[in-house]
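Student: Have a look; sequence and predicted model below, questions after that.
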Amino acid sequence: MPSRDPVADLRRIAFLLERANEATYRVKAFRSAAATVAALPAEELAERVAAGTLAKLPGVGDVTARCITESLAGEEPVYLRRLQTTEGTDLAGAARTLREALRGDCHSHSDWSDGGSPIEEMALAAVELGHEYLVLTDHSPRLTVARGLPPARLRRQLDHVARLNDALPEGFRILTGIEVDILDDGSLDQEDALLARLDVVVGSVHSKLRDESPRMTKRMVNAIANPHLDILGHMTGRKVPAHGSGVKGGGDRGHRAGQTRPPSTFDLDKVIAACVEHGKAIEINSRPDRLDPPKRMLTVAVEAGCLFSIDTDAHAPGQLDWLRFGCERAALCGVPVERVVNTWEVDRLLEWTASHA
(Lines give C-alpha, C1' and ligand atoms only; values in the text may rest on other atoms or scores of the structure.)
Protein backbone atom coordinates (compact mmCIF):
# COMPACT_ATOMS: atom_id res chain seq x y z
CA MET A 1 0.00 0.00 0.00
CA PRO A 2 1.55 3.37 -1.01
CA SER A 3 2.34 5.73 1.85
CA ARG A 4 0.39 8.90 2.51
CA ASP A 5 1.89 12.30 3.28
CA PRO A 6 2.25 12.42 7.08
CA VAL A 7 2.88 16.17 7.05
CA ALA A 8 -0.39 16.79 5.21
CA ASP A 9 -2.25 14.45 7.57
CA LEU A 10 -0.85 16.17 10.67
CA ARG A 11 -1.71 19.61 9.31
CA ARG A 12 -5.22 18.46 8.42
CA ILE A 13 -5.73 17.18 11.96
CA ALA A 14 -4.53 20.52 13.35
CA PHE A 15 -6.92 22.37 11.06
CA LEU A 16 -9.91 20.26 12.08
CA LEU A 17 -9.06 20.62 15.77
CA GLU A 18 -8.74 24.36 15.37
CA ARG A 19 -12.04 24.60 13.54
CA ALA A 20 -13.70 22.61 16.31
CA ASN A 21 -12.32 25.11 18.85
CA GLU A 22 -10.24 22.46 20.61
CA ALA A 23 -7.54 23.44 23.10
CA THR A 24 -4.65 25.42 21.62
CA TYR A 25 -2.03 23.07 23.05
CA ARG A 26 -3.58 20.16 21.17
CA VAL A 27 -3.55 22.04 17.85
CA LYS A 28 0.04 23.12 18.48
CA ALA A 29 1.12 19.53 19.12
CA PHE A 30 0.09 18.45 15.61
CA ARG A 31 1.50 21.56 13.93
CA SER A 32 4.83 21.11 15.75
CA ALA A 33 5.00 17.44 14.72
CA ALA A 34 4.26 18.39 11.11
CA ALA A 35 7.11 20.93 11.14
CA THR A 36 9.54 18.37 12.58
CA VAL A 37 8.62 15.71 10.00
CA ALA A 38 8.79 18.21 7.13
CA ALA A 39 12.40 19.02 8.04
CA LEU A 40 13.46 15.38 8.29
CA PRO A 41 15.03 13.42 5.39
CA ALA A 42 12.74 10.62 4.19
CA GLU A 43 15.39 7.99 4.94
CA GLU A 44 15.75 9.05 8.58
CA LEU A 45 11.97 9.19 8.98
CA ALA A 46 11.65 5.61 7.69
CA GLU A 47 14.46 4.44 9.98
CA ARG A 48 12.83 6.01 13.02
CA VAL A 49 9.47 4.44 12.19
CA ALA A 50 11.13 1.02 11.92
CA ALA A 51 13.01 1.53 15.19
CA GLY A 52 10.01 3.00 17.02
CA THR A 53 11.93 6.15 17.97
CA LEU A 54 9.70 8.82 16.42
CA ALA A 55 8.59 10.06 19.83
CA LYS A 56 12.20 10.94 20.68
CA LEU A 57 12.13 13.71 18.08
CA PRO A 58 11.47 17.24 19.38
CA GLY A 59 7.84 18.16 18.91
CA VAL A 60 6.68 14.55 18.39
CA GLY A 61 4.72 12.68 21.09
CA ASP A 62 3.17 9.25 21.30
CA VAL A 63 -0.11 10.28 19.63
CA THR A 64 1.51 12.18 16.75
CA ALA A 65 4.05 9.37 16.31
CA ARG A 66 1.24 6.89 15.85
CA CYS A 67 -0.39 9.17 13.26
CA ILE A 68 2.90 9.44 11.34
CA THR A 69 3.40 5.66 11.41
CA GLU A 70 -0.13 4.99 10.17
CA SER A 71 0.24 7.58 7.42
CA LEU A 72 3.53 6.15 6.16
CA ALA A 73 1.93 2.70 6.11
CA GLY A 74 -0.68 4.04 3.69
CA GLU A 75 -3.44 4.14 6.31
CA GLU A 76 -5.53 7.17 7.11
CA PRO A 77 -4.55 7.94 10.72
CA VAL A 78 -7.20 6.83 13.20
CA TYR A 79 -7.13 10.28 14.82
CA LEU A 80 -7.86 11.96 11.49
CA ARG A 81 -10.54 9.43 10.59
CA ARG A 82 -12.33 10.10 13.87
CA LEU A 83 -12.29 13.84 13.33
CA GLN A 84 -13.60 13.52 9.78
CA THR A 85 -16.27 10.99 10.76
CA THR A 86 -17.72 13.33 13.37
CA GLU A 87 -17.20 16.50 11.33
CA GLY A 88 -20.51 18.31 10.95
CA THR A 89 -22.21 15.94 13.41
CA ASP A 90 -24.38 17.43 16.11
CA LEU A 91 -22.26 15.95 18.88
CA ALA A 92 -24.43 17.43 21.60
CA GLY A 93 -27.45 15.82 19.98
CA ALA A 94 -25.67 12.49 19.53
CA ALA A 95 -24.57 12.50 23.17
CA ARG A 96 -28.11 13.33 24.28
CA THR A 97 -29.48 10.45 22.18
CA LEU A 98 -27.03 8.07 23.85
CA ARG A 99 -27.87 9.34 27.32
CA GLU A 100 -31.59 8.96 26.71
CA ALA A 101 -31.04 5.41 25.47
CA LEU A 102 -29.22 4.28 28.61
CA ARG A 103 -31.39 2.12 30.85
CA GLY A 104 -28.93 1.63 33.69
CA ASP A 105 -25.39 1.83 35.00
CA CYS A 106 -23.13 -1.22 35.21
CA HIS A 107 -20.47 0.10 37.61
CA SER A 108 -21.25 1.61 41.02
CA HIS A 109 -20.01 1.41 44.61
CA SER A 110 -21.59 1.62 48.05
CA ASP A 111 -20.35 2.00 51.61
CA TRP A 112 -19.87 -1.74 51.69
CA SER A 113 -16.50 -1.00 50.03
CA ASP A 114 -15.09 2.46 49.22
CA GLY A 115 -18.33 4.27 48.36
CA GLY A 116 -19.82 6.89 50.63
CA SER A 117 -23.51 5.90 50.77
CA PRO A 118 -25.67 2.89 51.61
CA ILE A 119 -26.88 0.69 48.77
CA GLU A 120 -30.46 1.87 49.16
CA GLU A 121 -29.45 5.53 48.74
CA MET A 122 -27.55 4.70 45.56
CA ALA A 123 -30.56 2.75 44.27
CA LEU A 124 -33.07 5.51 45.00
CA ALA A 125 -30.83 8.08 43.29
CA ALA A 126 -30.75 5.82 40.24
CA VAL A 127 -34.56 5.61 40.32
CA GLU A 128 -34.78 9.43 40.35
CA LEU A 129 -32.51 9.56 37.29
CA GLY A 130 -34.93 7.29 35.42
CA HIS A 131 -32.79 4.17 35.48
CA GLU A 132 -34.36 0.74 35.21
CA TYR A 133 -31.45 -0.95 36.98
CA LEU A 134 -28.21 -0.28 38.82
CA VAL A 135 -25.42 -2.83 38.95
CA LEU A 136 -23.75 -2.84 42.37
CA THR A 137 -20.04 -3.53 41.84
CA ASP A 138 -18.20 -3.14 45.11
CA HIS A 139 -14.55 -4.16 45.18
CA SER A 140 -13.03 -7.63 45.63
CA PRO A 141 -10.94 -8.82 48.62
CA ARG A 142 -7.37 -8.00 47.61
CA LEU A 143 -8.11 -4.29 47.20
CA THR A 144 -7.91 -3.79 50.95
CA VAL A 145 -7.47 -0.02 50.61
CA ALA A 146 -11.02 0.05 49.20
CA ARG A 147 -12.41 -2.37 51.80
CA GLY A 148 -12.90 -5.10 49.20
CA LEU A 149 -15.46 -7.79 50.01
CA PRO A 150 -14.22 -11.27 50.93
CA PRO A 151 -16.56 -14.14 50.03
CA ALA A 152 -18.50 -14.12 53.31
CA ARG A 153 -19.27 -10.39 53.10
CA LEU A 154 -20.22 -10.66 49.44
CA ARG A 155 -22.69 -13.43 50.29
CA ARG A 156 -24.22 -11.20 52.98
CA GLN A 157 -24.45 -8.38 50.44
CA LEU A 158 -26.30 -10.63 47.99
CA ASP A 159 -28.87 -11.45 50.68
CA HIS A 160 -29.19 -7.75 51.53
CA VAL A 161 -29.74 -6.80 47.87
CA ALA A 162 -32.47 -9.44 47.55
CA ARG A 163 -34.32 -7.87 50.48
CA LEU A 164 -33.87 -4.37 49.09
CA ASN A 165 -35.23 -5.36 45.69
CA ASP A 166 -38.45 -6.49 47.33
CA ALA A 167 -38.91 -2.97 48.74
CA LEU A 168 -37.79 -0.83 45.78
CA PRO A 169 -40.22 0.82 43.33
CA GLU A 170 -41.75 -1.45 40.72
CA GLY A 171 -39.86 -1.45 37.43
CA PHE A 172 -36.46 -0.93 39.05
CA ARG A 173 -33.99 -3.45 40.40
CA ILE A 174 -30.48 -3.62 41.75
CA LEU A 175 -28.41 -6.12 39.78
CA THR A 176 -25.76 -8.01 41.69
CA GLY A 177 -22.18 -7.57 40.60
CA ILE A 178 -18.59 -6.89 41.53
CA GLU A 179 -15.61 -4.90 40.33
CA VAL A 180 -13.20 -7.78 40.58
CA ASP A 181 -9.46 -7.24 40.54
CA ILE A 182 -7.56 -8.69 37.60
CA LEU A 183 -4.61 -10.36 39.31
CA ASP A 184 -1.03 -10.64 38.03
CA ASP A 185 -1.70 -13.78 36.01
CA GLY A 186 -5.07 -12.59 34.68
CA SER A 187 -7.15 -14.60 37.15
CA LEU A 188 -10.06 -12.92 38.96
CA ASP A 189 -9.99 -12.06 42.65
CA GLN A 190 -13.08 -13.92 43.86
CA GLU A 191 -14.38 -17.48 44.15
CA ASP A 192 -15.64 -18.86 40.83
CA ALA A 193 -18.85 -20.10 42.47
CA LEU A 194 -19.63 -16.59 43.71
CA LEU A 195 -18.77 -14.96 40.39
CA ALA A 196 -21.18 -17.38 38.73
CA ARG A 197 -23.99 -16.14 41.00
CA LEU A 198 -23.57 -12.49 40.02
CA ASP A 199 -25.53 -10.73 37.31
CA VAL A 200 -22.64 -8.62 35.98
CA VAL A 201 -18.89 -8.86 36.54
CA VAL A 202 -16.64 -5.87 35.82
CA GLY A 203 -12.94 -6.73 35.82
CA SER A 204 -10.30 -4.04 36.37
CA VAL A 205 -6.55 -3.79 36.92
CA HIS A 206 -5.71 -1.93 40.14
CA SER A 207 -2.16 -3.11 40.87
CA LYS A 208 1.21 -3.11 39.08
CA LEU A 209 -0.18 -0.62 36.59
CA ARG A 210 3.33 0.10 35.29
CA ASP A 211 3.96 -3.53 34.25
CA GLU A 212 5.80 -3.94 30.96
CA SER A 213 3.52 -4.09 27.94
CA PRO A 214 3.85 -7.86 27.18
CA ARG A 215 3.06 -8.79 30.79
CA MET A 216 0.12 -6.39 31.02
CA THR A 217 -1.22 -7.58 27.65
CA LYS A 218 -1.13 -11.24 28.71
CA ARG A 219 -2.76 -10.35 32.03
CA MET A 220 -5.64 -8.51 30.38
CA VAL A 221 -6.18 -11.06 27.59
CA ASN A 222 -6.30 -13.92 30.12
CA ALA A 223 -8.91 -12.04 32.16
CA ILE A 224 -11.04 -11.28 29.11
CA ALA A 225 -11.03 -14.98 28.22
CA ASN A 226 -12.39 -15.85 31.68
CA PRO A 227 -16.08 -16.77 31.21
CA HIS A 228 -17.07 -14.92 34.40
CA LEU A 229 -15.86 -11.50 33.21
CA ASP A 230 -18.38 -9.41 31.27
CA ILE A 231 -16.96 -5.87 31.14
CA LEU A 232 -13.35 -4.67 31.08
CA GLY A 233 -13.29 -1.73 33.49
CA HIS A 234 -11.25 1.50 33.00
CA MET A 235 -8.86 -0.31 30.69
CA THR A 236 -5.77 1.93 30.95
CA GLY A 237 -6.07 2.75 34.66
CA ARG A 238 -5.14 6.35 33.98
CA LYS A 239 -6.05 9.36 36.13
CA VAL A 240 -6.45 12.84 34.64
CA PRO A 241 -7.13 16.26 36.20
CA ALA A 242 -10.84 16.65 37.00
CA HIS A 243 -11.43 20.38 37.07
CA GLY A 244 -14.59 21.53 38.84
CA SER A 245 -16.09 18.05 39.09
CA GLY A 246 -16.15 17.69 42.88
CA VAL A 247 -14.76 14.24 42.23
CA LYS A 248 -13.73 13.62 45.83
CA GLY A 249 -17.12 14.34 47.38
CA GLY A 250 -19.56 11.89 48.88
CA GLY A 251 -17.15 9.76 50.89
CA ASP A 252 -15.24 8.62 47.81
CA ARG A 253 -12.41 6.88 49.64
CA GLY A 254 -10.82 5.36 46.55
CA HIS A 255 -10.09 8.59 44.65
CA ARG A 256 -8.00 11.60 45.66
CA ALA A 257 -8.77 14.99 44.15
CA GLY A 258 -6.04 16.21 41.78
CA GLN A 259 -4.37 12.79 41.52
CA THR A 260 -2.95 12.00 38.08
CA ARG A 261 -1.54 8.76 36.69
CA PRO A 262 -0.32 7.81 33.21
CA PRO A 263 -2.09 5.02 31.33
CA SER A 264 -0.82 1.46 31.45
CA THR A 265 0.89 0.19 28.33
CA PHE A 266 -0.32 -2.91 26.51
CA ASP A 267 -0.94 -4.22 23.01
CA LEU A 268 -4.22 -2.49 22.24
CA ASP A 269 -4.96 -4.57 19.16
CA LYS A 270 -4.60 -7.86 21.08
CA VAL A 271 -6.79 -6.66 23.96
CA ILE A 272 -9.50 -5.42 21.61
CA ALA A 273 -9.34 -8.61 19.53
CA ALA A 274 -9.86 -10.65 22.73
CA CYS A 275 -12.91 -8.55 23.65
CA VAL A 276 -14.42 -9.09 20.19
CA GLU A 277 -13.61 -12.82 20.18
CA HIS A 278 -15.20 -13.46 23.58
CA GLY A 279 -18.08 -11.00 23.24
CA LYS A 280 -16.96 -8.84 26.17
CA ALA A 281 -17.62 -5.11 26.55
CA ILE A 282 -15.12 -2.32 27.06
CA GLU A 283 -16.17 0.18 29.66
CA ILE A 284 -16.36 3.87 28.79
CA ASN A 285 -15.66 5.17 32.27
CA SER A 286 -17.46 8.49 32.80
CA ARG A 287 -15.57 9.67 35.89
CA PRO A 288 -14.10 13.11 35.17
CA ASP A 289 -10.81 11.95 36.71
CA ARG A 290 -10.63 8.89 34.43
CA LEU A 291 -12.43 9.37 31.07
CA ASP A 292 -11.00 6.00 30.14
CA PRO A 293 -10.22 4.75 27.52
CA PRO A 294 -8.56 7.68 25.74
CA LYS A 295 -10.31 8.75 22.54
CA ARG A 296 -7.67 7.21 20.26
CA MET A 297 -8.15 3.79 21.85
CA LEU A 298 -11.91 4.15 21.90
CA THR A 299 -11.96 4.87 18.17
CA VAL A 300 -9.90 1.74 17.44
CA ALA A 301 -12.35 -0.32 19.52
CA VAL A 302 -15.34 1.15 17.65
CA GLU A 303 -13.82 0.23 14.29
CA ALA A 304 -13.05 -3.29 15.53
CA GLY A 305 -16.73 -3.90 16.33
CA CYS A 306 -16.46 -3.95 20.15
CA LEU A 307 -19.33 -3.80 22.58
CA PHE A 308 -19.29 -1.03 25.20
CA SER A 309 -20.76 -0.14 28.56
CA ILE A 310 -21.03 3.55 29.49
CA ASP A 311 -20.69 3.63 33.28
CA THR A 312 -20.15 6.17 36.05
CA ASP A 313 -18.02 4.18 38.50
CA ALA A 314 -20.05 6.21 40.99
CA HIS A 315 -19.02 6.23 44.65
CA ALA A 316 -21.82 8.59 45.75
CA PRO A 317 -25.42 9.21 44.64
CA GLY A 318 -24.77 12.47 42.78
CA GLN A 319 -22.03 10.83 40.75
CA LEU A 320 -24.62 8.60 39.08
CA ASP A 321 -25.44 11.62 36.92
CA TRP A 322 -21.94 11.54 35.41
CA LEU A 323 -23.15 9.32 32.57
CA ARG A 324 -23.34 12.41 30.38
CA PHE A 325 -19.54 12.68 30.37
CA GLY A 326 -19.19 9.16 29.00
CA CYS A 327 -21.93 9.79 26.46
CA GLU A 328 -20.16 12.90 25.18
CA ARG A 329 -16.96 10.90 24.76
CA ALA A 330 -18.78 8.03 23.05
CA ALA A 331 -20.55 10.40 20.64
CA LEU A 332 -17.26 12.09 19.77
CA CYS A 333 -15.81 8.70 18.80
CA GLY A 334 -18.86 7.46 16.89
CA VAL A 335 -19.94 4.69 19.29
CA PRO A 336 -23.17 3.14 17.90
CA VAL A 337 -26.08 3.14 20.35
CA GLU A 338 -26.91 -0.49 19.62
CA ARG A 339 -23.43 -1.62 20.75
CA VAL A 340 -23.78 -0.11 24.22
CA VAL A 341 -24.94 -2.95 26.45
CA ASN A 342 -26.62 -0.75 29.05
CA THR A 343 -29.00 0.58 26.41
CA TRP A 344 -30.45 -2.93 26.33
CA GLU A 345 -33.48 -4.08 28.31
CA VAL A 346 -32.48 -5.85 31.49
CA ASP A 347 -33.49 -9.30 30.21
CA ARG A 348 -31.28 -8.92 27.14
CA LEU A 349 -28.40 -7.65 29.28
CA LEU A 350 -28.66 -10.67 31.58
CA GLU A 351 -28.91 -13.07 28.64
CA TRP A 352 -25.68 -11.57 27.33
CA THR A 353 -23.81 -11.89 30.63
CA ALA A 354 -25.12 -15.43 31.13
CA SER A 355 -23.84 -16.41 27.68
CA HIS A 356 -20.26 -15.93 28.91
CA ALA A 357 -20.53 -18.63 31.56
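Tutor: Structure received. Just so it is clear, the model here is predicted, and its values are computed rather than measured. Numbers count the residues shown, from 1 in each chain.

Student: contacts, neighbours, all on C-alpha from now
Tutor: Will do.

Student: tell me which element residue 83 falls in.
Tutor: Using DSSP states H and E, residue 83 sits in helix 78-86.

Student: For that helix, what is the distance to the chain centroid?
Tutor: Mean-position distance between helix 78-86 and its chain equals 19 Å (C-alpha atoms, centre = their mean, to the nearest Å).

Student: got the buried residues for that helix?
Tutor: 78-80, 82-83 (16 or more other C-alpha atoms under 10 Å).

Student: quick one: contacts of the next helix or strand after that helix?
Tutor: Toward the C-terminus, helix 78-86 is succeeded by helix 91-101 as the next helix or strand (DSSP H and E). Helix 91-101 is contacted from outside by 323-324, 327-332, 337, 343, using C-alpha atoms under 8 Å, 6 or more residues apart in numbering.

Student: Tell me which two in those residues are the farthest apart.
Tutor: 332 and 343 (17.7 Å; C-alpha to C-alpha).

Student: Rank the helices and strands of this structure by mean pLDDT and give me the bottom one.
Tutor: Ranked by mean pLDDT, DSSP states H and E, the weakest helix or strand in the chain is helix 78-86, scoring a mean of 84.

Student: Show me what that helix is packed against.
Tutor: helix 6-19, helix 62-72, helix 295-304 (3 or more C-alpha pairs under 8 Å, 6 or more residues apart in numbering; DSSP states H and E).

Student: Can you say which of those helices is nearest to residue 165?
Tutor: Of the helices and strands packed on helix 78-86, the one closest to residue 165 (C-alpha to C-alpha) turns out to be helix 295-304, at 34.6 Å.

Student: Following element in sequence after that closest one, please.
Tutor: strand 307-311.

Student: domain ranges for this structure?
Tutor: Taking automatic domain parsing as the domain assignment, the ranges for the chain are 6-86, 91-354.

Student: if you compare the ones you listed, which one is most tucked away?
Tutor: domain 91-354 (a mean of 20; mean count of other C-alpha atoms under 10 Å).

Student: Tell me how far it lies from the chain's centre.
Tutor: 8 Å.

Student: Helices along the stretch 251-357 of the chain, start to end?
Tutor: For the stretch 251-357 of the chain, the helices defined by DSSP state H, counting those that start in this stretch occupy 268-278, 295-304, 323-332, 346-354.

Student: quick one: low-confidence parts of this protein?
Tutor: By pLDDT under 70, the low-scoring segments of the chain are 1, 21, 87-91, 243-258.

Student: Now do the biggest strand by length in the chain against helix 346-354, angle only.
Tutor: Scanning the chain for the longest strand, with DSSP state E as the assignment, gives strand 173-181. Interaxial angle of strand 173-181 relative to helix 346-354 (axes from the mean of the first three to the mean of the last three C-alpha atoms, to 10 degrees): 30 degrees.
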